[in-house]
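Enquirer: Prediction below, plus the sequence it came from.
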Amino acid sequence: MNTYTNVKDLGDLHRAVQEALEVKRDRFAYQHLGRNKTLLMVFFNSSLRTRLSTQKAGMNLGMNTIVLDVNQGAWKLETERGVVMDGDKSEHLLEAIPVMGSYCDIIGVRSFAGLKDKAFDYEETILNQFIRYSGKPVFSMEAATGHPLQAFADLITIEEHKRTARPKVVMTWAPHPRALPQAVPNSFADFMNEADVDFVITHPKGYELDERFVRGARVEYDQMKALEGADFVYAKNWSAYRDPHYGQILSTDRNWTVDERHMAVTNNAFFMHCLPVRRNMIVTDEVIESPQSLVIPEAANREISAEVVLKRMLTPNP
Ligand code: AN0
Ligand code: CP
């Protein structure tokens with residue numbers, strides 16, 4: 001595996017989940033694979049889970065890891081080509097990337113959508129430059145349009161907890177005070193569309209996601225109706241995708257905050273969120289603290305999804 005940016009890079013998804021469950025049973029079984037190999041994790045944005053779980057996954061595989069926080073101590077990087085660099089940016093990404101590539105064997109990149117220039121974001125300009133110029137296998141640690149390590153961990157969590165062969169999974173928009181990217185809901189939709197689940201998306205009008213991720217999924221604008229009979233409730237905020245409102249907040253309606261009233265119409269559903277979560281905006285204290293809440297095991301599975309991806313990148317001719 002040379003890149004990991006979306007669900008297709010995993011190939012057979014059922015096999016990938018089985019591999020994840022096998023890795024989880026003995027996460028040190030492949031320690032020899034990463035011997036004398038270096039993982040570089042490059043962060044343009046903050047992180048708790050991705051930073052810790054991916055580093056832990058690398059350690060499980062015997063790798064050495066280096067973490068670079070681009071905004072703390074590195075030179076300020078220009079990302080656009082053709083710019084006269086007479087401002088505060090001292091270095092161009094086009095030099096920085098091959099230099100970073102020369103010090104490592106695998107690179108993970110976190111680079112959120114700026115939410116200002118939709119074409120720049122949706123062309124995955126920064127992630128693709130890493131793929132093109134680093135000379136090394138590259139994986140997304142949440143880039144502009146996707147967060148595939150998260151969605152893979154979410155799928156593993158659903159597989160571990162499902163009570164029926166084909167559970168109903170509802171992804172619901174919920175309010176948030178700041179404009180957030182569409183990466184997490186895009187990837188979750190991408191994975192659910194490939195998985196054996198009954199997948200429904202619910203959000204206020206205006207929050208329609210990119211069709212390339214939604215594909216044939218059912219979109220239901222009545223949140224309560226969407227949640228009826230759900231086995232899993234996956235909450236997430238995102239900003240508008242469609243023009244002319246790209247990156248904007250169109251609603252802060254707290255009726256969409258997942259509370260006990262919402263959970264009551266479900267099939268005693270499990271509650272999921274990728275974290276970090278703002279309590280009593282996205283979900284109430286009662287729901288996130290309830291026995292049905294999977295947010296902690298879901299975050300723990302980030303170690304497993306990262307380990308499968310690194311293991312595949314380390315395996316010669318898989
Ligand atoms: C980010 C997002 O919504 O994409 C990261 C989630 C994993 N969340 C925030 O910035 C709060
Ligand atoms: N879910 C997730 O990616 O969390 P972090 O932003 O803390 O890495």
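Expert: Arrived safely. Ligands and ions are numbered 1, 2, ... in the order given.
Enquirer: What parts of the stretch 151-300 of the chain come near ligand 1?
Expert: Within the stretch 151-300 of the chain, the positions near ligand 1 by Cβ under 6 Å from any ligand atom are Leu180, Pro181, Ala183, Val184, Cys274, Pro276. Bear in mind the C-beta positions are built from the backbone N, C-alpha and C, glycine included.
Enquirer: okay but the third one is in contact with Ala143, surely?
Expert: What it means is Ala183. Yes: under the criterion of Cβ atoms under 8 Å, Ala183 makes contact with Ala143 at 6.8 Å.
Enquirer: neighbour count winner among these two?
Expert: Neighbour count, other Cβ atoms under 10 Å: between Ala183 and Ala143, Ala143 has more, with 28 against 25.
Enquirer: and the longest helix that the chain contains, average pLDDT?
Expert: Scanning the chain for the longest helix, with DSSP state H as the assignment, gives helix 295-314. Average pLDDT, helix 295-314: 98.
Enquirer: Summarise which helices and strands it is packed against.
Expert: Here helix 295-314 touches strand 3-4, helix 13-25, helix 49-60, strand 106-110, strand 138-140, helix 148-161, strand 270-272, going by 3 or more Cβ pairs under 8 Å, 6 or more residues apart in numbering; DSSP states H and E.
Enquirer: With mean pLDDT as added columns, please give those in TSV.
Expert: TSV is the format used below for those (pLDDT from 0 to 100):
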stretch	mean pLDDT
strand 3-4	98
helix 13-25	98
helix 49-60	98
strand 106-110	98
strand 138-140	98
helix 148-161	98
strand 270-272	99
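Enquirer: Among those, single out whichever gets nearest to ligand 2.
Expert: helix 49-60 (3.2 Å; Cβ to the nearest ligand atom).
Enquirer: So is the closest one next to ligand 1?
Expert: No: with Cβ under 6 Å from any ligand atom as the criterion, ligand 1 is not reached by helix 49-60; the gap is at least 7.3 Å.
Enquirer: Do that helix and ligand 2 come into contact?
Expert: Yes: using Cβ under 6 Å from any ligand atom, helix 49-60 reaches ligand 2 at Arg49, Thr50.
Enquirer: Now do the following helix or strand past that helix: distance to the chain's middle.
Expert: Downstream of helix 49-60, the first helix or strand assigned by DSSP states H and E is strand 64-69. The chain centroid and the centroid of strand 64-69 are separated by 19 Å, computed with Cα atoms, centre = their mean, to the nearest Å.
Enquirer: For the stretch 101-250 of the chain, give me the ranges with low pLDDT.
Expert: Within the stretch 101-250 of the chain, no range satisfies pLDDT under 70.
Enquirer: Indicate which one of the helices and strands packed on helix 295-314 is closest to Phe120.
Expert: strand 106-110 (15.3 Å; Cβ to Cβ).
Enquirer: one step back: now the longest helix of the chain: how far from the chain's centre is it?
Expert: From the chain centre to the centre of helix 295-314 is a distance of 11 Å (Cα atoms, centre = their mean).
Enquirer: mind listing what's buried in it?
Expert: Neighbour-count burial for helix 295-314 flags 295, 298-314 (criterion: 16 or more other Cβ atoms under 10 Å).
Enquirer: Check stretch 75-92 too.
Expert: So stretch 75-92, judged by 16+ other Cβ under 10 Å, has buried residues Leu77, Glu78, Thr79, His92.
Enquirer: wait, doesn't the second one sit right on His92?
Expert: What that stands for is Glu78. Yes: between Glu78 and His92 there is a contact under Cβ under 8 Å: 4.8 Å.
Enquirer: Name the residues contacting each of the two.
Expert: Met85 (Cβ atoms under 8 Å, 6 or more residues apart in numbering).
Enquirer: Helices of the stretch 101-250 of the chain, residue ranges please.
Expert: For the stretch 101-250 of the chain, the helices defined by DSSP state H, counting those that start in this stretch cover 118-122, 125-133, 148-161, 183-194, 211-214, 223-227.
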